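Peer 1: sequence first, then the predicted structure:
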Amino acid sequence: MPKIRSHTLPSGRKRYSFRVDTGRGLDGKRIQEHRTFDRRSDAVAELARIMTEAGRGLYVRPSQETLGDHLDGWLEGVTRDLRASTKRNYEDAFLPVRDRLGGRRLQSISKADVEGLISWMLTAGRRRGGKAGSGLSARSVRLTLGRLTAALESAVEEGKLARNPARYVKPPKHAPREQETWSASEVRQFLGVADADRLAACWRLSLYGLRRGEVLGLRWADVDLKAATITVRRARVLVGYEVVMAGPKSRNGERTLPLDEVLVSLLRALRKRQRGERVAAGPAYEASGYLAADELGIPVHPEWYTDEFHRVASRAAVRRIRLHESRHTTCSLMEKAGVPVSIIAAWAGHYSGAFTMATYVHANPDDLAAGRDALTAIYRAEGSS
């Protein structure tokens with residue numbers, strides 16, 4: 001048991017101190033804590049607390065590190081090998097945390113603080129993407145809480161915290177938005193209008209199941225019209241408000257897809273048109289090499305592409321769906337046509353067929369008629385026997 005020593009100052013006032021082992025560092029050396037108090041009773045109480053917590057493996061050495069500083073270090077490690085867009089998503093998830101708690105000492109954060117953060121986010125945490133001061137969606141709050149919990153768990157593992165104050169905070173309920181998809185007839189109706197558009201080939205590629213960034217990242221060097229194939233190698237995506245080039249989203253993201261005759265014809269027409277635009281523009285033309293480029297050869301902005309998709313869909317008088325739901329539409333229609341899920345997953349660049357089926361294959365009300373017809377045929381067969 002460490003001894004509590006008394007010291008008499010020149011003024012005659014007494015001080016009480018102790019030195020106690022609290023464990024060993026990563027280098028195997030002993031870690032000691034030294035404390036000094038004005039009253040012996042305070043020294044006795046603190047020594048007992050430290051020894052009890054150290055014996056249970058719960059002792060944490062006091063630190064002035066802020067929560068914001070800890071998040072900086074955690075993000076540096078966890079996002080090192082992630083795509084720039086994914087890294088930005090992690091950083092954005094912590095914006096409300098930094099706003100409310102970032103300057104607080106890490107070791108001062110309590111469960112009540114995290115509960116207060118969640119309540120504030122749900123009622124007044126929005127700063128952009130809508131009315132400032134309104135509440136964020138349950139999905140956004142759950143994302144922030146999940147990443148904060150992971151970051152604080154890391155602090156526990158590193159010996160910065162004894163317990164994770166976010167671990168037992170209940171996330172708000174979130175009902176995922178039902179994905180909307182087009183039927184085959186709606187796709188044909190859309191393409192009937194889209195095929196007359198300057199970027200007809202790009203709209204076809206979006207209905208081929210390519211992600212927005214993949215369509216916008218295609219260069220003519222990725223197109224082989226003789227072999228009738230395209231190779232997806234990269235994507236042009238938004239990171240914050242900046243357009244950047246990114247690698248495949250998954251390990252199966254880089255892939256070569258065969259093209260049908262209509263798409264080959266539209267690609268030939270687009271290439272011919274761009275060559276004509278280059279001659280017409282002269283020195284003002286930017287030879288970017290992208291398929292999705294404007295009349296001066298400048299790659300189109302991702303948000304413009306999304307807005308233009310909705311404008312074309314409006315002209316076609318089809319139901320409004322999100323651009324990314326065209327990808328869901330592709331996978332769903334392929335599944336209904338009897339394409340094996342392993343092929344659909346490879347086509348979409350997914351890492352597994354199970355993910356494709358769970359996330360991208362949907363049934364719409366018209367599809368349920370197929371179930372009715374199947375049951376009718378089964379029950380009639382039963383009744384006739």
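Peer 2: Right, received. Where do you want to start? Being a predicted model, the structure only gives us computed values, none of them experimental. Numbers count the residues shown, from 1 in each chain.

Peer 1: so where do the helices sit in the stretch 201-350 of the chain?
Peer 2: 212-217, 261-281, 302-316, 323-336, 341-348 (DSSP state H, counting those that start in this stretch).

Peer 1: out of the ones you listed, which comes closest to R19?
Peer 2: Closest to R19 of the helices of the stretch 201-350 of the chain, according to Cβ to Cβ: helix 212-217, at 58.9 Å. Bear in mind the C-beta positions are built from the backbone N, C-alpha and C, glycine included.

Peer 1: residues contacting the closest one, please?
Peer 2: By Cβ atoms under 8 Å, 6 or more residues apart in numbering, the residues outside helix 212-217 that reach it are 202, 205-206, 232-237, 245-246, 253, 290-292, 299-300, 302, 305-306, 323-324, 349.

Peer 1: try it again with 7 Å
Peer 2: 202, 205-206, 232, 234-237, 245-246, 292, 299-300, 302, 305-306, 323-324 (Cβ atoms under 7 Å, 6 or more residues apart in numbering).

Peer 1: re the thing from before, format the helices of the stretch 201-350 of the chain as JSON lines; extra columns: mean neighbour count and mean pLDDT.
Peer 2: Formatted as JSON lines, the helices of the stretch 201-350 of the chain follow (neighbours: other Cβ atoms under 10 Å; pLDDT from 0 to 100):
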{"stretch": "helix 212-217", "mean neighbour count": "25", "mean pLDDT": "96"}
{"stretch": "helix 261-281", "mean neighbour count": "15", "mean pLDDT": "96"}
{"stretch": "helix 302-316", "mean neighbour count": "15", "mean pLDDT": "96"}
{"stretch": "helix 323-336", "mean neighbour count": "20", "mean pLDDT": "91"}
{"stretch": "helix 341-348", "mean neighbour count": "18", "mean pLDDT": "87"}
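
Peer 1: how does the protein divide into domains?
Peer 2: Recorded structural domains for the chain (assignment: automatic domain parsing) are 5-55, 67-157, 184-326.

Peer 1: what mean pLDDT does the second one have?
Peer 2: Domain 67-157 shows a mean pLDDT of 91.

Peer 1: show the end-to-end separation of that domain, please.
Peer 2: 15 Å (Cα to Cα, to the nearest Å).

Peer 1: roughly how far is it from the heart of the chain?
Peer 2: 14 Å (Cα atoms, centre = their mean, to the nearest Å).

Peer 1: cool, the longest one as well?
Peer 2: How far domain 184-326 lies from its chain's middle: 23 Å, per Cα atoms, centre = their mean.

Peer 1: kindly report the same for stretch 49-63.
Peer 2: How far stretch 49-63 lies from its chain's middle: 37 Å, per Cα atoms, centre = their mean.

Peer 1: buried residues in that stretch?
Peer 2: Under the neighbour-count criterion of 16 or more other Cβ atoms under 10 Å, stretch 49-63 has I50, M51, A54, Y59, V60 buried.

Peer 1: confidence-wise, which of these comes last?
Peer 2: Among the buried residues of stretch 49-63, pLDDT bottoms out at Y59, giving 69.

Peer 1: filter the contacts of helix 212-217 down to the ones in strands?
Peer 2: V232, A235, R236, V237, M245, A246 (DSSP state E).

Peer 1: list just the nearest of those residues to D81.
Peer 2: A246 (12.9 Å).

Peer 1: show me the beta-bridge partners of that closest one.
Peer 2: Bridge pairing for A246 (DSSP bridges) gives the partners A235.

Peer 1: contacting residues for it?
Peer 2: R83, A84, S85, G213, R234, A235, V237.

Peer 1: and the domains of the chain: which comes nearest K173?
Peer 2: Here domain 67-157 is closest among these (Cβ to Cβ), at 6.2 Å.

Peer 1: all strands of this protein, in order?
Peer 2: Using DSSP E, the strands assigned to the chain run over residues 5-8, 14-24, 30-37, 223-224, 229-232, 235-239, 242-246, 255-258.

Peer 1: how many neighbours does the residue lying closest to I109 once chain neighbours are set aside have?
Peer 2: The shortest distance from I109 to any non-neighbouring residue, by Cβ to Cβ, 6 or more residues apart in numbering, is to P165 (5.3 Å). By other Cβ atoms under 10 Å, 23 other residues sit near P165.

Peer 1: just to revisit the earlier point, among the buried residues of stretch 49-63, list the two that are farthest apart in space.
Peer 2: Largest separation among the buried residues of stretch 49-63 by Cβ to Cβ: M51 and V60, giving 13.9 Å.

Peer 1: ramachandran angles for S11?
Peer 2: Phi and psi for S11, reported as degrees, to the nearest 10, are phi -80, psi -10.

Peer 1: mind listing what it touches?
Peer 2: By Cβ under 7 Å, 6+ apart, S11 has no neighbours at all.

Peer 1: show me the contacts for A155.
Peer 2: H70, L106, L161.

Peer 1: against S108, how distant is the nearest residue in space to the last one that is not next to it in sequence?
Peer 2: Yep, that's L161 we're talking about. Setting aside the residues directly before and after it, L161 is nearest to A155 in space (Cβ to Cβ, 6+ apart), at 4.5 Å. For A155, the distance to S108 equals 12 Å [Cβ to Cβ, to the nearest Å].

Peer 1: V264 now?
Peer 2: Between V264 and S108 the computed distance is 64 Å (Cβ to Cβ).

Peer 1: good, we can wrap up now.
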